[in-house]
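**Q** Dropping the sequence and predicted coords here.
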Amino acid sequence: MVCLGNICRSPLAEGIMHDKITKRGLPAEVDSAGTAAYHVGEPPDPRSREIAAKRGIDITHQRARKFEVADFDRFDKIYAMDKFNYSDIIHKARNENDKKKVEMIMATVHPTNTVDVPDPYYGGDRGFEKVYEMLDSSCEFIADMIEKKTS
Ligand code: 4NP
């Protein structure tokens, strides 16, 4: 799960996906990272921590890190939150196989539309609600896909 700062959107995506993996007993791992290094080592933004906690998901242990080329080897799928993150990740790809792993996360729900998970950093709390709902729906699709592939 990749966004810009790895403190707002992708930590929520990691927490939501981890919750679905655990509850369904899926054979999968999830992690998150940012394309920028501004917040490396920091915990998730308090607004993300709060919205996750409201849904019973604890993301306080997460620490921001920067996306690295080695992530192409560690993961089968790399989900970008918006088209800027997508483009930054694609530029780091070494080959077609790396590129094939990268997808816009909302393409799971809207395959024909390029929908961004909006950056909520400079907005109010409502932005975080919307981000949570978008990520919950896309992570549900991803969990279904993993379940079909592995059952
Ligand atoms: P994120 O949000 O990419 O969802 O973690 C942001 C966090 C920090 C900044 C921008 C977006 N920033 O400019 O510091």
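**A** On my side now, so go ahead.
**Q** Relative to the ligand, how far out is Asp31?
**A** Distance of Asp31 to the ligand, given as CB to the nearest ligand atom, to the nearest Å: 14 Å. C-beta coordinates here come from the backbone N, C-alpha and C atoms, glycine included.
**Q** hang on, I meant Asp119
**A** Separation of Asp119 from the ligand (CB to the nearest ligand atom) stands at 5 Å.
**Q** How many neighbouring residues does that residue have?
**A** The number of residues packed near Asp119 is 18, by other CB atoms under 10 Å.
**Q** I'd like to know the phi and psi angles of it, please.
**A** phi -70, psi 120 (degrees, to the nearest 10).
**Q** what packs against the biggest helix by length in the chain?
**A** For the chain, the longest helix by residue count, based on DSSP state H, is helix 125-150. Using 3 or more CB pairs under 8 Å, 6 or more residues apart in numbering; DSSP states H and E, the elements in contact with helix 125-150 are helix 9-24, helix 46-54.
**Q** could you redo the last one with a cut-off of 10 Å?
**A** helix 9-24, helix 46-54, strand 78-80 (3 or more CB pairs under 10 Å, 6 or more residues apart in numbering; DSSP states H and E).
**Q** now the first one, how far from the centre of its chain.
**A** Spelled out, that is helix 9-24. 9 Å (CA atoms, centre = their mean, to the nearest Å).
**Q** Output that helix in CSV, but only the C-alpha positions, please.
**A** Extracted in CSV, the C-alpha atoms of helix 9-24 (Å, rounded to 0.1, in the frame of the first residue of the first chain):
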residue,chain,number,x,y,z
ARG,A,9,-3.7,7.0,3.5
SER,A,10,-1.4,4.0,3.2
PRO,A,11,-1.2,3.3,7.0
LEU,A,12,-5.0,3.1,6.9
ALA,A,13,-4.9,0.8,3.9
GLU,A,14,-2.4,-1.4,5.7
GLY,A,15,-4.5,-1.5,8.9
ILE,A,16,-7.7,-2.3,7.1
MET,A,17,-6.2,-5.0,4.9
HIS,A,18,-4.4,-6.5,7.8
ASP,A,19,-7.7,-6.7,9.7
LYS,A,20,-9.4,-8.5,6.8
ILE,A,21,-6.5,-10.9,6.3
THR,A,22,-6.6,-11.8,10.0
LYS,A,23,-10.4,-12.1,10.3
ARG,A,24,-10.6,-14.3,7.2
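**Q** I am finished for the moment; much appreciated.
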